[in-house]
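> Below are the sequence and a predicted model for it; my questions follow.
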Amino acid sequence: MKLTTFGLTSFVLFTKEYRSEIRTRYALNALLMFVVTTLSMILFSIARENVSPEVLAGVLWVIIFFSTMSGLARTFVSEEERGTVLTLQLIARPLTIYIGKLFFNFLLLASINVVTVALYLVLITNFSVQSYSIFALTLILGTLGLAAATTILAAIIAKAHSKGTLFPVICFPILLPLLITVIAATQKAVEGVPFEEASGLFRALIAYIIVIGAVSYILFDYIWKD
Amino acid sequence: MSIVNLIASDLTKFFNRRKIFSDISFTLHYGSSVAITGRNGSGKSTLLKILAGVLSSTKGEVDIQIDGKDIDLEHRHQIVGFVSPYLQMYDEFTGWENLDLFRRVRGVDVRDELLLDLIRRVNLFDRRNDFVRTYSSGMKQRLKYAFALLHRPPILFLDEPSANLDNEGIATVYDMMEEQKQKGILVVATNVAAEQSHCEFVLDLNSGSPIMVGQ
C-alpha cells in the first residue's frame, strides 16, 4: 500500500470516527461531564484554602487523567459492543484503523483539555502559569502521550469482559511515567523557570511517545485479529 | 478478469482447550463453490472467518492467489466479500453513508451511479437516506450484500445467506450466488438444502475428518 493511500484511508477512518462521535456522543458527553463535576468538587473542597500552585499543577493532571479514563476507551469498546469490529476488519488494514482512532482520540482529548485548562485557569485563582511556552508544550506532548497510550490499551481491554474497571487499572502503571513527567513540567511552568530547564522533561515525553508508538505499531495487528 | 485460487491446509482451531475442528484441507479454484455444513457449534462461522482472514487458525494456513500471485493477510480484505448475521453496519449512519464510507475506506473506484444500481439491486433505494437504526433486520441483511459486493470481490463468503430475508430477497441472493460462481469463488456456511444446491461441493464439519465432496 502506498503511503498516500495509507494516509488517505487513515484520514477517512478518522472522519468516520468524528462523524460518529458527533452523532452518538459516546465519549464527548462522558468526558465533559467528568471535567465539569470534578472541577466543581475541587472548587468546593479547596474553598478558601491556600493551596500552592505546585499542588494545583498535579490536581490539573489528575482531572485530565481520570477524564481520559472515562471517555477514551469508548473508541474501541463501542466498536466491540456494537459488533462493528468485523466490519472494520473487512474493509481496512489494521494499522490504518489504529492511526484513524489515534488521531481522533488526540483531537478529542486536545479539545477537552483546552476546555479543562481554560476553566481551571479561570476558576482556580491560585493556579497561575508563569511560562506559557513550557505549559503549552507540556499540554501538547502530554495529550499526545495520553492519546497514544490509551488508544492501544483501549484496543486491548475492548476484548476483555470487565472493560470499565480494567481500563484505569491497566492504564495507571503504563501512564505513570508520563504523568510524573507532565506534572513536573507543569510545575516548572508555574514556577516560571527558563525554557531550557524544562527541556530534559520534554525529551523524556518525546521518548515516551516514540516508545508507545513503536510498541503499538508492533502489537496492534495481533490485538486486532483475535 | 482475475484467476483466483484458495488453498486451505491443515486448518485446526481451538478455543482455549476446546477443539472446534482439525486438519481441514481443500483447494478451491476459480469458478468453484462450496457449502460448509454442520450442526450448531461445529465451527462453520469460525472456518469462514479463518478463510476470510479475520480470525487466526490454531494450526494450518490459508493461501489465496490471484493470477498466481500470493495475497498476504494484510491485503486479504481487498479481495473478499463477507455477509453474516453477526456482521453489523453503522447504525448512526444512513444506508448510503455506510456504503459511501466503505467505498472511500477501500479506495475503490465505484461511481455514484454504480453504487445506486447496487442499492436498487438490494431493494433499498427508497430507504437509502434513512438511518440504519431504523431498518428492519431484513433490510440490514440486504445492506450487507451491498457492502460485500461493492468492491467486486473475487471471493465471496456467505454465512447463513438467506437469514432474515423475504422470498424476494432470497431470490436476489440466489442470483448473486450464481453470478459469483462466474466471477470467482463462492463459500457458503449453511444447513439449508436450497442454499447448498447452489454449490458444487459440500464440506461437512460433522464428520470426524471433514473432506470436500462433490454433489
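That came through fine.

> make it CA atoms for all contacts and neighbour counts henceforth
Will do.

> Where do the strands of chain B begin and end?
Secondary structure of chain B (DSSP state E): strands at B:4-15, B:18-28, B:33-37, B:59-66, B:69-70, B:80-83, B:155-159, B:185-189, B:201-204, B:212-214.

> can you list these in CSV and add mean pLDDT?
Formatted as CSV, the strands of chain B follow (pLDDT from 0 to 100):
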stretch, mean pLDDT
strand B:4-15, 94
strand B:18-28, 93
strand B:33-37, 96
strand B:59-66, 95
strand B:69-70, 92
strand B:80-83, 97
strand B:155-159, 97
strand B:185-189, 97
strand B:201-204, 94
strand B:212-214, 80
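
> Do you know the pLDDT at residue 147?
Using chain A. A:A147 is assigned a pLDDT of 95 by the prediction.

> Hmm, no, I was thinking of chain B.
For B:F147, the pLDDT comes out at 97.

> and the helix or strand hosting A:T165, average pLDDT?
Element membership of A:T165, judged by DSSP states H and E, is helix A:163-191. Averaged across helix A:163-191, the pLDDT comes to 90.

> Tell me what angle the longest helix anywhere in chain B forms with strand B:33-37.
Longest helix in chain B, counting residues (DSSP state H): helix B:167-183. Relative orientation of helix B:167-183 versus strand B:33-37 (axes from the mean of the first three to the mean of the last three C-alpha atoms, to 10 degrees): 130 degrees.

> Can you tell me who the most centrally placed residue in chain B pairs with across the strands?
Centroid-nearest residue in chain B: B:F157, 1.9 Å away (criterion: C-alpha atoms, centre = their mean). Each beta-bridge partner of B:F157 is listed here, defined by DSSP bridges: B:F82, B:V187.

> Three-state assignment for A:F127, please.
Put simply, A:F127 is coil when judged by DSSP: H, G, I helix; E, B strand; the rest coil.

> For it, grab phi and psi.
When read as degrees, to the nearest 10, the backbone of A:F127 gives phi -90, psi 100.

> Near B:A163, how many other residues are there?
15 (other C-alpha atoms under 10 Å in any protein chain shown).

> any idea how far it is from chain A?
17 Å (C-alpha to the nearest C-alpha, to the nearest Å).

> give the contact list for that residue.
B:A163 makes contacts with B:85, B:138, B:141, as judged by C-alpha atoms under 8 Å, 6 or more residues apart in numbering or on different chains.

> Give me the neighbour count for the second one.
Translated: B:G138. 15.

> any idea whether the residue lying farthest from the centre of chain A is helix, strand or coil?
For chain A, the largest distance from the centre (C-alpha atoms, centre = their mean) belongs to A:R48, which lies 31.1 Å off. Secondary structure, three-state DSSP: A:R48 is coil.

> Chain A: helices as residue ranges?
For chain A, applying DSSP H gives helices covering A:3-24, A:28-46, A:53-71, A:74-82, A:85-91, A:94-123, A:132-157, A:163-191, A:199-225.

> mind checking which of these is nearest B:I79?
Evaluated with C-alpha to C-alpha, the helices of chain A place helix A:85-91 nearest to B:I79, the distance being 9.6 Å.

> Residue numbers of chain B in contact with chain A?
Within chain B, the residues that sit near chain A (C-alpha under 8 Å from any C-alpha of the partner chain) are B:54-56, B:74-75, B:77-78, B:80-82, B:86-90, B:92-93, B:101-102, B:104-107.

> on that earlier part again, how close does the residue farthest from the centre of chain A get to chain B?
Counting by C-alpha to the nearest C-alpha, the separation of A:R48 from chain B is 47 Å.

> residue contacts, A:S78?
A:Y26.

> Let me fix that, I meant to ask about B:R17.
By C-alpha under 8 Å, 6+ apart, the contact list for B:R17 is empty.

> In terms of secondary structure, what does the worst-scoring helix or strand of chain B on mean pLDDT contact?
None of the helices or strands of chain B scores lower by mean pLDDT, DSSP states H and E than strand B:212-214, at a mean of 80. Packing contacts for strand B:212-214, counted by 3 or more C-alpha pairs under 8 Å, 6 or more residues apart in numbering or on different chains; DSSP states H and E, involve strand B:201-204.

> got the contact list for the strand it packs on?
With C-alpha under 8 Å, 6+ apart as the test, strand B:201-204 has contacts from B:33-38, B:196, B:210-215.

> What strands flank it, and is each parallel or antiparallel?
Checking strand B:201-204 against DSSP bridges gives partners strand B:33-37 (parallel), strand B:212-214 (antiparallel).

> most neighbours per residue, which of the ones you listed?
Sort the strands paired with strand B:201-204 by mean neighbour count, taking mean count of other C-alpha atoms under 10 Å in any protein chain shown, and strand B:33-37 sits at the top with a mean of 25.

> So what angle separates the directions of that one and strand B:155-159?
Counting by the same axes, to 10 degrees, strand B:33-37 lies at 20 degrees to strand B:155-159.

> ok now strand B:33-37, how far from the chain's centre?
How far strand B:33-37 lies from its chain's middle: 11 Å, per C-alpha atoms, centre = their mean, to the nearest Å.

> And stretch B:146-155, by the same measure?
In this view, stretch B:146-155 has its centroid 9 Å away from the chain centroid, taken as C-alpha atoms, centre = their mean.

> how much space between the residue nearest to A:R93 when sequence neighbours are not counted and A:G83?
Distance criterion C-alpha to C-alpha, 6 or more residues apart in numbering or on different chains; nearest residue to A:R93, sequence neighbours excluded, is B:E74 at 6.0 Å. Remark: distance between B:E74 and A:G83 (C-alpha to C-alpha, to the nearest Å) = 21 Å.

> now swap in B:L48 and tell me
Distance, B:L48 to A:G83, by C-alpha to C-alpha: 17 Å.

> neighbour count winner among these two?
In this view B:L48 and A:G83 are compared by other C-alpha under 10 Å, and B:L48 has more residues nearby, 21 against 16.

> gap between the nearest residue to that one once chain neighbours are set aside and B:K144?
Leaving aside its sequence neighbours, B:L48 sits nearest to B:F157 (C-alpha to C-alpha, 6+ apart; 6.8 Å). As for B:F157, its distance to B:K144 is 12 Å (criterion: C-alpha to C-alpha).

> Give me the common contacts of these two.
The contact sets of B:F157 and B:K144 overlap at B:V83 (C-alpha under 8 Å, 6+ apart).

> residues in contact with residue 11?
Since no chain was named, I'll use chain A. With contact set as C-alpha under 8 Å, 6+ apart, A:F11 has these partners: A:G100.

> ah, I was thinking of chain B
Residues near B:L11 by C-alpha under 8 Å, 6+ apart: B:21-25, B:57-62.
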